[in-house]
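Novice: Sequence and predicted structure are below.
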Amino acid sequence: MERIGNKVSYIRKPLAKYSFVSAGLGIAALLFGFIAIGAAYYFQGDAPLSAAAVGFCSILTAVSAVVYGVLSFLEKEKNYILAKISLGISGTLLFLWLAVFFIS
């Protein structure tokens, strides 16, 4: 429900199209991140090269999700709630990866 002056608009705005892409990429980045961290835990810190590759894929996918999330805000007259959620998830994941790099 949107208020315009004295009038109330009951027309629902559709979700931004790029926000669906951003959400899918954010979920994939989380999955890759869990796999990489899980492999590092399973091998007790001596993870194989494939775990590093999956971790790098997680970073690249999270960056792509952030880019698509920002692009979704350029769409006019859309609902941006999904883009905000995926930006929060992907941004948090990128922050955590930066923390892992600086700690190790």
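Specialist: On my side now, so go ahead. Here the structure is a predicted model, which is why all the values come from computation and not from measurement.
Novice: Mind naming the longest helix for this structure?
Specialist: Counting residues, the longest helix found in the chain (DSSP state H) is helix 17-42.
Novice: buried stuff in that one?
Specialist: 18-19, 21-23, 25-26, 28-30, 32-33, 35-37, 39-40 (16 or more other CB atoms under 10 Å). Quick note: C-beta positions are derived from backbone N, CA and C, even for glycine.
Novice: And that helix, what does it pack against?
Specialist: For helix 17-42, the helices and strands in contact under the criterion 3 or more CB pairs under 8 Å, 6 or more residues apart in numbering; DSSP states H and E are helix 49-72, helix 81-103.
Novice: report the angle between the axes of that helix and helix 81-103?
Specialist: Interaxial angle, helix 17-42 versus helix 81-103 (axes from the mean of the first three to the mean of the last three CA atoms, to 10 degrees): 30 degrees.
Novice: what's the distance between helix 17-42 and the middle of its chain?
Specialist: Chain-centre distance of helix 17-42: 8 Å, with CA atoms, centre = their mean, to the nearest Å.
Novice: So for stretch 64-74, what gets flagged as buried?
Specialist: For stretch 64-74, by 16+ other CB under 10 Å, it's 64, 65, 66, 68, 69, 71, 72.
Novice: make that stretch 85-93, sorry
Specialist: 86, 87, 89, 90, 93.
Novice: For the residue nearest to the second one when sequence neighbours are not counted, which residues are in contact?
Specialist: The one in question is residue 87. Of all residues not flanking residue 87 in the chain, residue 69 sits nearest, at 4.0 Å (CB to CB, 6 or more residues apart in numbering). Contacts here follow CB atoms under 8 Å, 6 or more residues apart in numbering; on that basis residue 69 touches 18, 19, 22, 26, 83, 84, 86, 87, 90.
Novice: Mind pulling up the pLDDT for the nearest residue to the last one once chain neighbours are set aside?
Specialist: To tie it back to what came earlier, the one meant is residue 90. Nearest residue to residue 90, sequence neighbours excluded (CB to CB, 6+ apart): residue 65, at 3.9 Å. pLDDT for residue 65: 97.
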